[in-house]
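Asks: A predicted structure for the sequence below; I have some questions about it.
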Amino acid sequence: MVSKNTSVVTGAFGYSGRYIARRLLDAGAEVRTLTNAPDSQSPFGSRVRAMPFSFDDHARLVEALRGASVLYNTYWVRFNHTKFRQADAVRNTLSLFRAAREACVQRVVHLSITNPSEDSPLEYFRSKATLEKALMDSGLSYSILRPTVLFGREDVLVNNIAWLLRRFPFSECSETARTACNPCMWTTWPSSPWRKACEPKIASLMPSGRRPSPTENLSYR
């Protein structure tokens, strides 16, 4: 049985997932999380039930998703590690999509990246494009969010850039110095993922007051 108010958020104890889970809880939703650290201390106390990803146990993964109306997927790895690579993240995410379909999840909200392309020379963007296509072909109802950069108090990338700018009289730029980027703060993002679970239309992801950019898109089915 699917509950209209039950959502599963990947990594609700981490960075992106924590913001999504907090908004869902504030809206009165029941929230579960899939995490690599189900025994870690929860920032939400007992309000969020934690379950392991169980990528090596498909039946268990399906059961973890069963009864959920929406799956918010932020699962990814930023760069290749010695023991875990982006190819592993792609394989695991494909398993997650299959499990969501078998569990009859009504909608998947998938956090991607701006300008994913299977022709990209960068594995990160190729992998993101592969997952978007897989979700589109899965038969699931979905929302694909393509932000440029998301930042917040706990963010690493943007805060590191800010730290460098405060301490050095110079900054690195791209070769043309014309690379456009509209960073979005989680707490003020008007087109936030928790608002996109049920909107069957195309919209832009933009900070308030900024004009639409072709690099910030939202794909719906």
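Replies: Perfect, thanks for sending it. Residues are numbered from 1 along each chain as shown.

Asks: and the nearest residue to Tyr142 once chain neighbours are set aside, how many neighbours does it have?
Replies: Spatial nearest neighbour of Tyr142, excluding adjacent residues (C-beta to C-beta, 6 or more residues apart in numbering): Val108 at 4.6 Å. For glycine as for every other residue, the C-beta is placed from the backbone atoms N, C-alpha and C. By other C-beta atoms under 10 Å, 25 other residues sit near Val108.

Asks: could you do Ser40 as well?
Replies: For Ser40, the count of nearby residues is 11 (other C-beta under 10 Å).

Asks: now Ala89
Replies: Around Ala89 sit 17 other residues, with neighbours defined as other C-beta under 10 Å.

Asks: just Arg78 next, same as before
Replies: Neighbours of Arg78 (other C-beta under 10 Å): 10.

Asks: then Leu122?
Replies: As a burial measure, Leu122 scores 11 neighbours (other C-beta under 10 Å).

Asks: from Phe44, how far out is it?
Replies: From Leu122 across to Phe44, the span is 35 Å (C-beta to C-beta, to the nearest Å).

Asks: one more: Asn92?
Replies: Counting by C-beta to C-beta, the gap from Asn92 to Phe44 is 24 Å.

Asks: repeat for Ile144
Replies: Distance from Ile144 to Phe44, by C-beta to C-beta: 26 Å.

Asks: ok, now Gly11?
Replies: Gly11 is 13 Å from Phe44, by C-beta to C-beta.

Asks: Ile144 and Phe44 - which one has more neighbours?
Replies: Ile144 (22 against 16).

Asks: immediately after the lengthiest helix in the chain, which helix or strand?
Replies: Ranked by residue count and defined by DSSP state H, the top helix of the chain is helix 86-102. Following the chain from helix 86-102 toward its C-terminal end, the next helix or strand by DSSP states H and E is strand 107-111.

Asks: what about stretch 49-58, start to end distance?
Replies: Stretch 49-58 has an end-to-end distance of 19 Å (criterion: C-alpha to C-alpha, to the nearest Å).

Asks: tell me, how many residues neighbour Ala37?
Replies: Quick note: Ala37 (other C-beta under 10 Å) scores 12 neighbours.

Asks: I'd like the distance between the spatially closest residue to it that is not a sequence neighbour and Arg98.
Replies: Closest residue to Ala37 apart from its sequence neighbours, by C-beta to C-beta, 6+ apart: Phe13 at 6.7 Å. For Phe13, the distance to Arg98 (C-beta to C-beta) stands at 24 Å.
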